[in-house]
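1. mind looking at a prediction? Sequence and model below.
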Amino acid sequence: MATVLYPGSFDPLHLGHIDVIEQSVELFGTVIVGVMHNPTKPSGMFTLAQREAMIRESVAHLPSVEVMAFDGLAVHAVEKAKAAFIVKGLRTGGDFEVEQQMAHTNHAVSGVRTVYLPCKPALVSISSRFIREIAQYGGDVSSLVPAPVATQLATLFPTPTSAQQATS
Ligand code: PNS
């Protein structure tokens with residue numbers, strides 16, 4: 001068994017991410033979820049601290065999972081977390097293109113390797129970007145995210161129904 005780092009921006013965490021975390025626990029044992037800044041996504045919906053707190057609540061059922069926020073490079077986070085390698089989830093060919101480039105570059109500069117896990121077919125269409133969009137315009141994303149994330153999104157973007165539930 002190994003300790004692995006699952007880095008991502010998780011803005012916000014969704015059920016596809018939970019699937020990758022659960023697969024990683026089953027295959028490798030200990031998983032450090034590394035909440036990181038993605039330089040290509042400059043402004044976040046939630047702060048790193050808020051994302052970290054939501055993820056911690058959402059993985060409370062998995063005792064071998066730790067959640068940490070990291071600054072800087074993913075390969076430095078691997079060292080800090082004393083992880084053996086990086087784990088990433090793949091939904092589509094588009095993900096593969098991006099992840100392959102990052103995996104090759106991370107390996108070239110540090111020797112750190114990346115292992116890909118295919119997401120469950122039922123979850124391949126979920127993306128944090130669309131969750132942010134739907135929630136911002138008052139849509140219901142509760143079928144796409146863990147309950148603690150749904151609660152935070154409903155607080156940030158109250159709809160008439162969620163505001164009523166919060167006060168009842
Ligand atoms: O969930 P995301 O947004 O796809 O995660 C991307 C993330 C945060 C893993 C990636 O942007 C990253 O590794 N950021 C840290 C900076 C880094 O290591 N850059 C070098 C990439 S080769």
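-> Done, it's in. On a predicted model such as this, the values are computed, not experimentally measured, just so you know.
2. alpha carbons only for contacts and neighbour counts from here, please
-> Fine.
3. give the contact list for His17.
-> 10, 89 (CA atoms under 8 Å, 6 or more residues apart in numbering).
4. which pLDDT value belongs to it?
-> Reading off the confidence values, His17 has pLDDT 98.
5. likewise Gly44?
-> 89.
6. skipping its backbone neighbours, what lies nearest it in space?
-> Asp11 (6.6 Å; CA to CA, 6 or more residues apart in numbering).
7. and the one you found, how far from Ala83?
-> Counting by CA to CA, to the nearest Å, the separation of Asp11 from Ala83 is 23 Å.
8. repeat that for Gly72.
-> Applying CA to CA to Gly72 and Ala83 gives a distance of 16 Å.
9. more crowded one of these two?
-> Shown here are Gly72 and Ala83; by other CA atoms under 10 Å, Ala83 has more neighbours (19 against 11).
10. how about the secondary structure of that one?
-> When classified by DSSP: H, G, I helix; E, B strand; the rest coil, Ala83 comes out as coil.
11. that one touches Tyr6, doesn't it?
-> No. The criterion here is CA atoms under 8 Å, and Ala83 misses it with Tyr6 at 9.6 Å.
12. joint contacts of those two?
-> Jointly contacting Ala83 and Tyr6 under the rule CA under 8 Å, 6+ apart are Ile32.
13. so which residues of this structure form helices?
-> Counting by DSSP state H, the segments of the chain that form helices are 15-28, 48-58, 74-80, 93-110, 128-136, 147-156, 160-167.
14. for the longest one, give me every contacting residue.
-> Residues from elsewhere that reach helix 93-110, judged by CA under 8 Å, 6+ apart: 75, 88, 90, 112-114.
15. take these and lay them out in JSON lines including neighbour count.
-> Shown next, in JSON lines, are those (neighbours: other CA atoms under 10 Å):
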{"residue": "Val75", "neighbour count": "21"}
{"residue": "Lys88", "neighbour count": "23"}
{"residue": "Leu90", "neighbour count": "20"}
{"residue": "Val112", "neighbour count": "20"}
{"residue": "Arg113", "neighbour count": "16"}
{"residue": "Thr114", "neighbour count": "21"}
